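Participant: Here is the input, now give the coordinates:
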Amino acid sequence: KGALAVENAAESVNRLGISRNDITADIKSLDSVSIQFAGSATSNSGVIQYQGQLLDALTEARVLSAEVTGNNFQLINTPDLQLEVSPALTLSANSKKVELNGNLKVPVFNLSLEELPESAIDVSRDVVIVNYPASRPDLARTMAASDTTVFDIPLSGTVDISLGEEVSFTGFGIKTKLAGNLNIRQSAKGSNLTYGELILVDGEYRIYGRSLDIRQGKFLFFGAYDNPGIDVKATREVNGQTVGVLMNGTLKNINSQLF
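Facilitator: Numbering: from 1, shown residues only. Predicted coordinates for the structure are as follows:
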């Protein structure tokens with residue numbers, strides 16, 4: 001039997017531009033097979049709480065169950081990215097699987113991206129990598145792209161993501177607010193499947209030195225999270241005439257047409 005408590009703790013994460021305050025954690029073991037835990041923290045004006053239990057922790061029969069809830073909890077606050085989340089998630093795990101389910105509201109997500117990071121450039125899908133040199137650690141990510149694991153235990157579950165009122169994207173000539181919902185499904189032996197749509201709201205698209213108003217714009221997810229369908233129409237008025245650009249296809253194969 002035993003108990004451990006942490007009270008009034010705080011930390012600063014300079015790389016993310018945030019501080020976490022009022023950190024509490026309580027861990028109790030009432031017998032030799034059960035561990036109960038709970039805690040909370042604040043970040044900016046938001047809060048997050050968790051609670052759960054771990055049974056048979058020191059055996060292969062161990063079982064973990066937990067839930068995480070929160071409201072406007074700030075995760076990142078940098079010049080290029082601001083992110084707050086309101087989770088309502090349940091987690092269950094044993095020695096063979098980890099399962100995550102629930103809802104994740106995103107009240108704040110403002111991303112300014114002028115160029116893609118190196119990690120966003122992957123090798124071609126028809127390449128099969130059997131080994132890689134120490135000088136190319138980025139290729140390890142490609143080898144594991146089809147495997148989603150936590151400590152080598154398969155991860156599965158379903159999470160619904162809904163965007164709040166303060167969600168926007170700026171980059172590559174586009175400046176727009178975003179709205180919509182996504183449903184993410186992860187099977188233990190399969191790849192991530194993402195369904196839903198993101199809508200471009202009050203957007204602008206700058207091309208050839210001119211700004212066009214986005215009259216309609218959607219990213220449509222039919223499974224692949226990294227290759228949504230695109231349906232965008234941006235226009236401007238010139239001497240009483242409407243001119244613009246149409247974009248469709250997919251993110252990896254965009255078709256554009258001036259009219």
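
Participant: from memory residue 53 sits against residue 31, does it?
Facilitator: No - assessed by Cβ atoms under 8 Å, residue 53 is found out of contact with residue 31, at 11.7 Å. Every C-beta, even on glycine, is put in place using the N, C-alpha and C of the backbone.

Participant: Settle it for me: which of the two has more neighbours?
Facilitator: residue 53 (15 against 7; other Cβ atoms under 10 Å).

Participant: Listing partners with orientation, what would you give for the strand or helix carrying the more buried one?
Facilitator: For residue 53, the element it lies in under DSSP states H and E is strand 46-55. Using DSSP bridges, the strands paired with strand 46-55 are strand 34-43 (antiparallel), strand 63-71 (antiparallel).

Participant: closest to residue 132 out of those strands?
Facilitator: strand 63-71 (33.2 Å; Cβ to Cβ).

Participant: From what I see, residue 185 and residue 193 are in contact.
Facilitator: Yes - the pair residue 185 / residue 193 is scored as a contact, 4.6 Å apart, by Cβ under 8 Å.

Participant: so where is this protein shaky, pLDDT-wise?
Facilitator: Along the chain, the parts satisfying pLDDT under 70 run over 115-126, 138-147.

Participant: Show me which strand runs longest in it.
Facilitator: strand 153-171 (DSSP state E).

Participant: What separation is there between the residue nearest the centre of the chain and residue 209?
Facilitator: By Cα atoms, centre = their mean, the chain has its centre lying nearest to residue 161, at 8.8 Å. Relative to residue 209, residue 161 is positioned 36 Å away (Cβ to Cβ, to the nearest Å).

Participant: One more: residue 47?
Facilitator: Per Cβ to Cβ, residue 47 is found 46 Å from residue 209.

Participant: Settle it for me: which of those two has more neighbours?
Facilitator: residue 47 (17 against 5).

Participant: can you pull the contacts of the more buried one?
Facilitator: Residues near residue 47 by Cβ atoms under 8 Å, 6 or more residues apart in numbering: 40-41, 70-73.

Participant: Please identify which pair of those residues lies farthest apart.
Facilitator: 40 and 72 (13.8 Å).

Participant: where do the strands sit along the stretch 151-259 of the chain?
Facilitator: 153-171, 174-186, 192-207, 210-223, 229-238, 241-250, 253-258 (DSSP state E, counting those that start in this stretch).

Participant: Make TSV out of the ones you listed and add distance to residue 136.
Facilitator: As requested, these are exported to TSV (distance: least, Cβ to Cβ, whole Å):
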stretch	distance to residue 136
strand 153-171	26
strand 174-186	27
strand 192-207	24
strand 210-223	29
strand 229-238	31
strand 241-250	28
strand 253-258	27
